[in-house]
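J.: coordinates for the following, if possible.
(2 chains)
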Amino acid sequence: MVARLQSGMTIGIGGWGSRRKPMSLVRAILRSDLRDLTVVSYGGPDVGLLCAAGKIRRLVFGFVSLDSIPLEPHFQAARQAAAIEVTEYDEGMLQWALYAAACRLPFLPSRAGLGSDVLAVNPQLRTVRSPYDDAAELVAVPALPLDAALVHLNRADAAGNAQFLGDDLYFDDLFCTAAEQAYVSCERIVPTAELEAAGLTRLRVHRWMVAGVVEAPNGAHFTSCAPDYGRDEAFQRRYATAAKDPEQWARFAATYLSGDEAAYQSAVAALRAEASA
Amino acid sequence: MTGVQDAAGVQETAGVQETAGERVGAPVTTAEVCIVACAEAWRGDGEIAASPMGQIPTAGARLARATFEPDLLLSDGEARFVTGTWALGQPPPGPAEGWIPFRAIFDLAWHGSRHVMMSPAQIDRYGNANISAIGDYARPTRQLLGVRGAPGNTVNHPTSYWVPRHLPRVFVPRVDMVSGVGYDRASAAGPEAGEFLDLRRVVTNLAVLDFGGPDRSMRLVSVHPGITVDDVVAATGFELATDGDVPQTRLPTTAELTLIRDVIDPAGLRNGEVRG
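T.: Below is the predicted model:
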């Protein structure tokens, strides 16, 4: 799946913070020779790992956080070393940018952004005047078309129809519809006939939006993937602690990121067995 | 911080709270005064969503709904509006009354039916607030979260701020990255930026402030027990407006203290955010 991506692409990553991130696909990017990516994300450890691996040229974001740990150390380090370029938006502006792309509109008007330094640090942003009697001047949030989107859902069928089983879809459908090609990883691929039983309204990612689907059990680890599993808080603490120290990070990367996805999952399983022993 | 822990101050606090001594025991703490001061931010708001960030504002929002502002909507911090009053750090026992995935939160914010209380790393005298990055934007000395929803929140609905440590490095003449919009910046940006801008209050571990000063600048409204006006002025990196005698922040009632101690925060998480 990641073989279909190219250096220099604009890639959107679904989920939110440290929640239901397509981490197995992110790990595949870490192992690839992709570089100079523009990454668009409601950011969590996806952004941190890609920063640490030097994959990101530009990040489009509203925040980057590990949720239970407020600040993402790799992202902080990258910013503080001026190692990445950034386009920082209000969270709602980012939604609008994706939605404009999904609707094939050049922009959507927004009050969010007015008066803030989001306009100062993004000199490419323009305002637009309402043609109606109010003549209101608003931010024209430009469409943000994606070359590719990566999302992780709970279930999907082989055709790419996918459903979320937790409480929030986040903006995964928007990432998919804003993208030229969207790739879904999921906890389990099931027959189409099994999807509706979990609730029709959960079937929000449709095969017309999706270019590829792959089964990736525990694929969101260490982020949450409710109700299949919660965030692995102990592992996240281990990640965040290691990320603050180059030597510790080298050990962490050697243990967890030097092999393929199966090696990652067995290292995680081994750690868990050790902790419960 | 200064003064709060001194014995005389504590005694006076307990004394003013007539029945607190026998009814709830321990003297009123700064954290409890702060919870009530945060709760007061939502007084009069009616049927809107209260969105607190941080333990003390969260306790304040729950206290407000449990007492004088029963129509408020509160989230479980994930994707549901929930009923009832429950403890910090615990899942809500009450039934959900609404589904609010992040997309619905954005809709709610842009509709204006929300009053958020955010925690800024820097705030200036006109209420510009920074949660994004400290230092030069191109290469920050300290990268924080990012602007999150602060630009949209502030220009769309009421906003208050909670500062657990009132220090000159937080109350600065100019913030490094305007995330939440203040009154001067909104005026400069045009009527659409200021139409719904409504900065209500700033609650800190020392005092309560609002934007009732000249040109909607920050004004000292009240000081917490044991804190003097001079303490607050010394901890603030810009000129602070005051209207004559500054009163003391109101103390929790006996009923409020009981709710805080027995229902909302039996584990004492409030003391991790504010000491004393």
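J.: ok, the single nearest residue of the stretch 151-276 of chain B relative to chain A to residue A:149 distance?
T.: Taking C-beta to the nearest C-beta as the measure, the stretch 151-276 of chain B has residue B:152 as its residue closest to chain A, at 3.0 Å. Where C-beta positions appear, they are placed from N, C-alpha and C, glycine not excepted. Going from residue B:152 to residue A:149 by C-beta to C-beta, to the nearest Å gives 23 Å.
J.: before we move on, back to that, assign the residue of the stretch 151-276 of chain B closest to chain A to helix, strand or coil.
T.: helix (DSSP: H, G, I helix; E, B strand; the rest coil).
J.: just to check, it is in contact with residue A:94?
T.: No: counting by C-beta atoms under 8 Å, residue B:152 stays clear of residue A:94, with 10.4 Å between them.
J.: I'd like to know how many residues surround residue B:245.
T.: By the criterion of other C-beta atoms under 10 Å in any protein chain shown, residue B:245 has 6 neighbours.
J.: quick check on it: phi, psi?
T.: phi -70, psi 130 (degrees, to the nearest 10).
J.: check what pLDDT it gets.
T.: The model reports residue B:245 with a pLDDT of 93.
J.: so what's the residue of the stretch 151-276 of chain B closest to chain A up against?
T.: By C-beta atoms under 8 Å, 6 or more residues apart in numbering or on different chains, the residues touching residue B:152 are A:90, A:91, A:92, A:93, A:110, A:111, A:112, A:113, B:106, B:109, B:110.
J.: skipping adjacent residues, who's closest to the second one in space?
T.: Once its chain neighbours are removed from consideration, residue A:91 has its nearest residue in residue A:62; the separation is 3.8 Å (C-beta to C-beta, 6 or more residues apart in numbering or on different chains).
J.: CA atoms only: put the helix or strand harbouring that neighbour into PDB for me.
T.: Residue A:62 is part of strand A:56-64, with elements assigned from DSSP states H and E. Provided in PDB are the C-alpha atoms of strand A:56-64 (Å, rounded to 0.1, in the frame of the first residue of the first chain):
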ATOM      1  CA  ILE A  56       8.200  15.500   6.800                       C
ATOM      2  CA  ARG A  57       9.100  18.600   4.800                       C
ATOM      3  CA  ARG A  58       5.900  20.500   5.700                       C
ATOM      4  CA  LEU A  59       3.200  19.800   8.300                       C
ATOM      5  CA  VAL A  60      -0.300  21.100   8.100                       C
ATOM      6  CA  PHE A  61      -1.800  21.000  11.500                       C
ATOM      7  CA  GLY A  62      -4.000  22.500  14.200                       C
ATOM      8  CA  PHE A  63      -2.300  20.700  17.100                       C
ATOM      9  CA  VAL A  64       0.000  17.800  17.800                       C
END
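J.: what does that strand rub up against?
T.: A:8, A:17, A:35-44, A:47-48, A:50-51, A:72, A:75, A:78, A:84-91, A:93-94, A:97, A:144, B:145-149.
J.: mind listing what's buried along it?
T.: Within strand A:56-64, the residues that count as buried by 16 or more other C-beta atoms under 10 Å in any protein chain shown are A:56, A:59, A:60, A:61, A:62, A:63, A:64.
J.: mind checking pLDDT for residue A:2?
T.: pLDDT, read off for residue A:2, is 89.
J.: over to the residue nearest to it when sequence neighbours are not counted. Which of the three states is it?
T.: Excluding the flanking residues, the one nearest residue A:2 by C-beta to C-beta, 6+ apart is residue A:28, at 4.1 Å. Under three-state DSSP, the three-state class of residue A:28 is helix.
J.: shouldn't residue A:28 be in contact with residue A:5?
T.: No: the pair residue A:28 and residue A:5 fails to qualify as a contact (C-beta under 8 Å) at a distance of 9.2 Å.
J.: shared neighbours, those two?
T.: Counting by C-beta under 8 Å, 6+ apart, nothing touches both residue A:28 and residue A:5.
J.: what about the residue in chain A that chain B sits nearest to, neighbour count?
T.: Closest contact between chain A and chain B, by C-beta to the nearest C-beta, is at residue A:112 (3.0 Å). For residue A:112, the count of nearby residues is 31 (other C-beta under 10 Å).
J.: ok, it to residue A:16 distance?
T.: 18 Å.
J.: returning to that earlier point: rebuild the buried residues of strand A:56-64 as JSON lines, extending it with pLDDT.
T.: Listed next are the buried residues of strand A:56-64 as JSON lines, based on pLDDT from 0 to 100:
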{"residue": "A:56", "pLDDT": "98"}
{"residue": "A:59", "pLDDT": "98"}
{"residue": "A:60", "pLDDT": "98"}
{"residue": "A:61", "pLDDT": "98"}
{"residue": "A:62", "pLDDT": "96"}
{"residue": "A:63", "pLDDT": "98"}
{"residue": "A:64", "pLDDT": "98"}
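J.: tell me where chain A has strands.
T.: Remark: strands assigned in chain A by DSSP state E are A:10-13, A:37-43, A:56-64, A:85-88, A:107-110, A:126-129, A:137-142, A:146-156, A:162-163, A:179-189, A:212-215.
J.: turn those strands into a markdown table, columns for distance to residue A:221.
T.: Shown next, in a markdown table, are the strands of chain A (distance: least, C-beta to C-beta, whole Å):
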| stretch | distance to residue A:221 |
| --- | --- |
| strand A:10-13 | 15 |
| strand A:37-43 | 17 |
| strand A:56-64 | 19 |
| strand A:85-88 | 27 |
| strand A:107-110 | 35 |
| strand A:126-129 | 41 |
| strand A:137-142 | 33 |
| strand A:146-156 | 10 |
| strand A:162-163 | 18 |
| strand A:179-189 | 11 |
| strand A:212-215 | 14 |
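J.: so where's chain B shaky on pLDDT?
T.: B:1-24, B:276 (pLDDT under 70).
J.: pick out the residue nearest the middle of chain B.
T.: Geometric centre of chain B, nearest residue: residue B:162, 3.4 Å, by C-alpha atoms, centre = their mean.
J.: confirm that that one sits in a strand.
T.: Yes: secondary structure of residue B:162 (three-state DSSP): part of a strand.
J.: is it true that it touches residue B:37?
T.: No: counting by C-beta under 8 Å, residue B:162 does not reach residue B:37; the two are 9.2 Å apart.
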